[in-house]
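K.L.:
Got a sequence here, can you build the structure:
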Amino acid sequence: MNGTAAAVGTFDGIHLGHAEVLRVVREEAEKRGLEPLAVTFDRHPLTLIAPERAPAAITTTERKEKLIRKNGIRPLVLPFNEDMRSTTAYEWMRLLHDSYGVRLLVVGYDNTFGSDGVNLSIADYREMGREIGIEVMEAPYVAGVSSSAVRKAVAAGDIAEAREMLGRPFSISGIVVEGNRLGRTIGFPTANLQPTPGIVVPGKGVYAAKAILPDGSVADAMVNIGVRPTIRRGNAPTIEAHIIGWKGDLYGQRIRLEFYARLRDEQQFNSIDALRKQLKTDLAETLKALPAAKSATKTDNTKKI
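P.N.:
Coordinates of the predicted model:
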């Protein structure tokens with residue numbers, strides 16, 4: 001390889017707009033005999049610049065790296081610190097050229113970088129690139145897709161719209177923690193997910209999802225997000241997944257939920273029997289909404305979740 005072809009950005013969510021930028025990086029790198037590279041950060045810049053305006057993340061840094069690799073690109077995660085915050089666009093490009101061998105820089109239609117980037121245009125980046133030795137190319141615009149739009153859709157519970165912009169189901173991961181174990185008493189034991197802090201959570205409601213378990217197996221799941229008004233134990237919202245056909249112990253382990261459909265609003269019922277009846281209906285609707293696949297089953301039922 002004679003250097004790298006790169007894109008720089010937060011790449012939160014790796015939505016279809018990001019995928020188009022990465023496609024251009026990959027294809028242009030191949031033409032030029034360069035290594036494709038995506039330079040990103042360990043956190044959103046606003047968490048340092050203006051914490052009160054910092055958005056919830058769509059993906060964890062680890063998940064973001066995996067998604068970038070799936071696009072055929074090597075991720076390079078840099079810490080966004082005070083030094084990074086004060087780096088100008090010219091200094092940035094010089095760093096990319098000298099330290100990471102960047103010879104081609106692909107930017108999105110609204111992508112800016114550097115402490116002075118808000119005042120710069122693609123023409124400015126191209127001019128700096130000519131001086132430094134970096135060709136600057138603008139990727140095609142993907143209309144109607146942005147990280148902020150994905151966050152808004154997820155927070156509103158509009159999983160279908162989020163999926164269209166991401167090109168895949170929205171997912172959230174976390175550790176399974178102890179709950180109040182009331183689900184098992186009505187025939188619907190749940191895994192209570194404690195998501196990674198700072199990640200956007202779907203709005204309150206009942207969802208059809210796939211659960212990716214610690215061993216990599218995949219199971220159908222019915223997920224409730226909210227405060228469980230019928231059996232309320234406090235006001236803190238929870239993420240509870242009834243993993244269909246699965247028995248075992250997941251406490252302390254990490255699972256990931258992929259959301260396919262929102263079935264209904266969270267609601268309060270007059271009795272536990274009414275809730276149980278609705279959950280049976282929700283279960284049937286969940287199976288209808290999910291792609292056909294066998295549910296994962298474990299034989300260890302010594303401790304139900």
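K.L.:
All the strands of this structure, residue numbers only.
P.N.:
Ranges of strands in the chain, per DSSP state E, are 4-8, 35-41, 74-78, 102-107, 135-138, 171-177, 191-195, 205-212, 218-226, 238-243, 254-264.
K.L.:
on contacts alone, who are the packing partners of the first one?
P.N.:
To tie it back to what came earlier, the one meant is strand 4-8. helix 16-32, strand 35-41, helix 89-100, strand 102-107 (3 or more C-beta pairs under 8 Å, 6 or more residues apart in numbering; DSSP states H and E). C-beta coordinates here come from the backbone N, C-alpha and C atoms, glycine included.
K.L.:
Tell me which other helices or strands the third one touches.
P.N.:
With contacts defined as 3+ C-beta pairs under 8 Å, 6+ apart, the packing partners of helix 89-100 are strand 4-8, strand 35-41, strand 102-107, helix 122-132.
K.L.:
Kindly report the same for the last one.
P.N.:
Counting by 3+ C-beta pairs under 8 Å, 6+ apart, the packing neighbours recorded for strand 102-107 are strand 4-8, helix 16-32, helix 89-100, helix 122-132, strand 135-138.
K.L.:
which of those is buried the deepest?
P.N.:
strand 4-8 (a mean of 26; mean count of other C-beta atoms under 10 Å).
K.L.:
which residues sit against that one?
P.N.:
With contact meaning C-beta atoms under 8 Å, 6 or more residues apart in numbering, strand 4-8 is reached by 21-22, 24-25, 28-29, 32, 34-40, 92, 96, 100-108, 111, 113, 139.
K.L.:
ditto for stretch 24-35
P.N.:
Applying C-beta under 8 Å, 6+ apart, the contact partners of stretch 24-35 are 1-7, 36-38, 71-74, 101, 103-104, 106, 137, 139-140.
K.L.:
can we see that at 6 Å?
P.N.:
By C-beta atoms under 6 Å, 6 or more residues apart in numbering, the residues outside stretch 24-35 that reach it are 1-5, 7, 36, 72, 104, 106, 139.
K.L.:
Which of those has the largest number of neighbours?
P.N.:
Within those, neighbour counts (other C-beta atoms under 10 Å) peak at Ala5, which reaches 29 neighbours.
K.L.:
Enumerate the beta-bridge partners assigned to that residue.
P.N.:
Pro36, Leu104 (DSSP bridges).
K.L.:
how near is Asp158 to Ala5?
P.N.:
From Asp158 across to Ala5, the span is 35 Å (C-beta to C-beta, to the nearest Å).
K.L.:
Ok, Val201 next?
P.N.:
Per C-beta to C-beta, Val201 is found 36 Å from Ala5.
K.L.:
Equivalent analysis for Asp110, please.
P.N.:
20 Å.
K.L.:
quick one, what contacts the residue positioned nearest the centre of the chain?
P.N.:
By C-alpha atoms, centre = their mean, the mean C-alpha position of the chain lies nearest to Thr59, the distance being 2.8 Å. Thr59 makes contacts with Gly13, as judged by C-beta under 6 Å, 6+ apart.
K.L.:
cutoff 7 Å now
P.N.:
12-14, 67 (C-beta atoms under 7 Å, 6 or more residues apart in numbering).
K.L.:
and which of those is nearest Asp249?
P.N.:
Of all those, Asp249 sits closest to Leu67, with 29.6 Å by C-beta to C-beta.
K.L.:
pLDDT value on that closest one, please?
P.N.:
The per-residue pLDDT reported for Leu67 equals 97.
K.L.:
For it, grab the count of nearby residues.
P.N.:
The number of residues near Leu67, taken as other C-beta under 10 Å, comes to 22.
K.L.:
How about the one 4 residues further on?
P.N.:
Counted by other C-beta under 10 Å, the residues lying close to Asn71 total 18.
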